[in-house]
Structures are given as C-alpha cells and as structure tokens.
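[1] Let me see the structure of the following:
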Amino acid sequence: MNEPAPEGLGAFLRSRRARIRPEDVGLPPSMGIRRVPGLRREEVALLAGVSAEYYERLERGRRRTASASVLDAIARVLQLNPAERDHLHALASSPSPRQTRTAPARLRPGLRRALDAVTDVPALVLGPRYDLIAINDLGAAFYAGLDLLPAGQRNIVRYLFTVDAARELYDDWAETARTVVAELRRYAGTHPHDPKLANLVGDLSVRDQDFRRWWALHDVYRRDYGSKRYHHPLVGELELGYEAMTPVGDPELIFGTHTVEAHSPSAQALMLLSSWSAPPRLDRCTGTGQPTAADPAISDPGTTT
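    Below is the predicted model:
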C-alpha cells in the first residue's frame, strides 16, 4: 500500500481498462488474439488521442505528470464515473510525503454539541481513514461490538472486518464492507503516504481475505446517502437511511447520521433500544477512548486524539 503514486496510477489504469470490451468503445470485437481482458494499451492511447508510447510510460509509472485534458480523455475512454475520474486525477498529481502529513483529527465544541443534540437516531463523526472520532449515545448502543475494539483502534473499516457482531448487524454485510473498502481506496488516492493508512491496510490484508481481494480491485466510491437494512441483536430488524456530510471548515471529517421514517417499526425499534440500553463504554467518548467534556478529567471538548 505504501506505494509511490505512479505505481498506484498504473494499477488503477490497468484495473479500469480490463473492464472495457472493445465493442464497448466502438472497436471491432476481434483485433488479434487477446491475452488479457479488456482494452490493450495502444487502444486506450488511440481513443484518447495520445501516442502509445506516452500512455505506456504513464501506466508503467515512467511519466510523472499528465495534463488535465489528457487525464479527462483517458477517463472518457475508460468510462470512469465521477468518483473514479477524481481518483485518477488525484493519483496523477502525486503529492509528496510532506504534503500529505495530517494533524490529529480534532472535534470542535460546536460539532460535539451538534452530535449530542442528535438523540433519536445513531450518529457519529469520522476522521481520516474512517477513524471513529465521536459517537452519540444511541450510536454506541446501535453498533454492536464496537466497544470490543481497543482504545486507539476504533475505526469503522476495522470494525467491519474484525468484529463478528458487525457481520451480523448488516443485512448485506458484503456489499457494505466492499463499499467501505472502495471509500478507503479513494482516500488513499489523495493520501498515498499516510503511514496510518498503510498500517491499517497491511493489517487487514493479512487478517481478512475479503478485504485483501476487494482492495486489489482498485474500486473507488464516494459516500453520500442511501439506506440499509440491519439485524440488531436486541431489537431485531431495522431499515434506516443514512446521510454523510462534511462540516464546513473540517474537510477531513464526516458527520454521519442515520434517518428513520416517523412512527415506523424501525423508529419504534430505535426508541426501544434507547430505553433498554445502559450507557455503553463508548458513551460520550471519542473513538480513541479519550474522555470528552462530559468527563471531569478534562475541560476541552474539542480535543479527541
């Protein structure tokens, strides 16, 4: 994972052109014997309006830069969606290790108060790599087994792949987990030298074959909104919406909240869960197990890591 951007760029381009059949882009289906799936390099170059040598150098990592117009042409040929196109541009503009250093994520007091104000649905704040920064009371009760992760390792990707209760919680665990891997791959495009990301990917690649297989696909995804079905161990079946928002002024954070239709069985189940559940260990704590303003041990509610 701790690869220079040109190698990441080449792997991504190879994975995308392998999906495209010649007939998908108006080429005859048979142009000689094909030893690999998808388009050949020279076919991508022809359709993108660049020389075969130029494209080969780009894919092999021998060319460090490419213009936005060339990248857009390649994205058009490979039929990339908006998230994939942005990922291609990010990989091609390889930032240096110094440029990708990030300060520890911190939760400002206003966001902490906004999170605490959400009481009728699970809600949380995620940082880089999907590290759990903070979670509300109902969220801590809803995400069964999240408190089993050691302090400092509370991360939604790690939760999905290492906590058995997570596999039982999601109605379609495989689809959810694969999507989260694709979201993490998108983050890797803009933070290729993040050592914590390299450690997370390396650890999960060793521990879980599904993670290893999905990471190798180089799929990317941008989270926005949707709905999912769940099997909660205490209150049973639920169908909840979700919204993912980036707070103004904190581009590295995601404020995620579930939504539920009023008076629905799922809303009643959440009310039941809220009334049954004793305050969990994660209650009013950040994802790293640090206390927040509710704890007398400290006075700064914005410090989380």
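[2] among the helices and strands of this protein, which has the poorest mean pLDDT?
    helix 5-17 (a mean of 80; mean pLDDT, DSSP states H and E).
[3] Pull out the buried residues from that one.
    5-6, 8-13, 16-17 (16 or more other Cβ atoms under 10 Å). C-betas here are computed from N, CA, C, even on glycine.
[4] Distance to residue 241 for those - can I get that in a markdown table?
    A markdown table is the format used below for the buried residues of helix 5-17 (distance: Cβ to Cβ, whole Å):
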| residue | distance to residue 241 |
| --- | --- |
| 5 | 36 |
| 6 | 40 |
| 8 | 33 |
| 9 | 36 |
| 10 | 38 |
| 11 | 34 |
| 12 | 31 |
| 13 | 35 |
| 16 | 31 |
| 17 | 36 |
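[5] and residue 239, helix, strand or coil?
    Going by DSSP: H, G, I helix; E, B strand; the rest coil, the secondary structure assigned to residue 239 is strand.
[6] from what I can see it touches residue 232, true?
    No - using Cβ atoms under 8 Å, residue 239 is not in contact with residue 232, being 11.5 Å away.
[7] For the two, work out which one has more neighbours and name it.
    Neighbour count, other Cβ atoms under 10 Å: between residue 239 and residue 232, residue 232 has more, with 20 against 15.
[8] Just list the residues touching that one, thanks.
    Contact analysis of residue 232 by Cβ atoms under 8 Å, 6 or more residues apart in numbering lists 142, 144, 169, 238, 269, 273.
[9] and what of residue 169?
    143-145, 230-233.
[10] Type out the PyMOL command that picks the buried ones from these.
    In PyMOL, a selection of the buried entries from the contacts of residue 169 looks like this (16+ other Cβ under 10 Å):
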select buried, resi 143+144+145+230+232
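[11] Between the contacts of residue 169, which sits nearest residue 190?
    Each of the contacts of residue 169 was checked against residue 190 using Cβ to Cβ; the closest is residue 143, at 26.5 Å.
[12] Per-residue pLDDT of residue 57, please?
    On pLDDT, residue 57 comes in at 89.
[13] ok, now residue 266?
    The per-residue pLDDT of residue 266 was computed as 98.
[14] Show me what counts as buried in the strand or helix carrying it.
    In the assignment (DSSP states H and E), residue 266 maps to helix 265-276. Within helix 265-276, the residues scored as buried using 16+ other Cβ under 10 Å are 266-267, 269-270, 273-274.
[15] just to confirm, which helix or strand has the nearest residue to residue 206 once chain neighbours are set aside in it?
    Spatial nearest neighbour of residue 206, excluding adjacent residues (Cβ to Cβ, 6 or more residues apart in numbering): residue 212 at 7.9 Å. Secondary structure assignment for residue 212, by DSSP H and E: helix 209-215.
[16] With residue 176 instead?
    For residue 176, the element it lies in under DSSP H and E is helix 173-190.
[17] Return the closest of the buried residues of helix 5-17 with respect to residue 261.
    Distances from residue 261 to those, taken by Cβ to Cβ, are shortest for residue 16, at 38.2 Å.
[18] Could I get the contacting residues of that closest one?
    Contacts of residue 16 by Cβ under 8 Å, 6+ apart are 78, 80, 84, 218.
[19] Over to residue 71?
    85, 88-89, 92.
[20] does residue 166 belong to a helix or a strand, and which?
    Per DSSP H and E, the secondary structure element for residue 166 is helix 164-169.
[21] can you count the residues close to residue 205?
    What residue 205 shows, counting by other Cβ under 10 Å, is a neighbour count of 16.
[22] which non-adjacent residue is nearest it?
    Per Cβ to Cβ, 6+ apart, closest to residue 205 is residue 212, 4.5 Å.
[23] How many residues are close by that neighbour?
    14.
[24] Read off the pLDDT value for it.
    96.
[25] still on that earlier bit, as CSV, the contacts of residue 232 with pLDDT and distance to residue 42 would be great.
    Formatted as CSV, these follow (pLDDT from 0 to 100; distance: Cβ to Cβ, whole Å):
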residue, pLDDT, distance to residue 42
142, 97, 52
144, 95, 52
169, 97, 48
238, 97, 52
269, 97, 57
273, 95, 58
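[26] quick check, nearest of those to residue 54?
    residue 169 (48.3 Å).
[27] Roughly how far does that closest one sit from residue 238?
    10 Å (Cβ to Cβ, to the nearest Å).
[28] Spit out the residues that contact these two alike.
    What both residue 169 and residue 238 touch, as defined by Cβ under 8 Å, 6+ apart, is the set 230, 232.
[29] circling back to that earlier point, in terms of secondary structure, what does the helix holding residue 266 contact?
    For helix 265-276, the packing partners by 3 or more Cβ pairs under 8 Å, 6 or more residues apart in numbering; DSSP states H and E come out as helix 137-142, strand 236-245.
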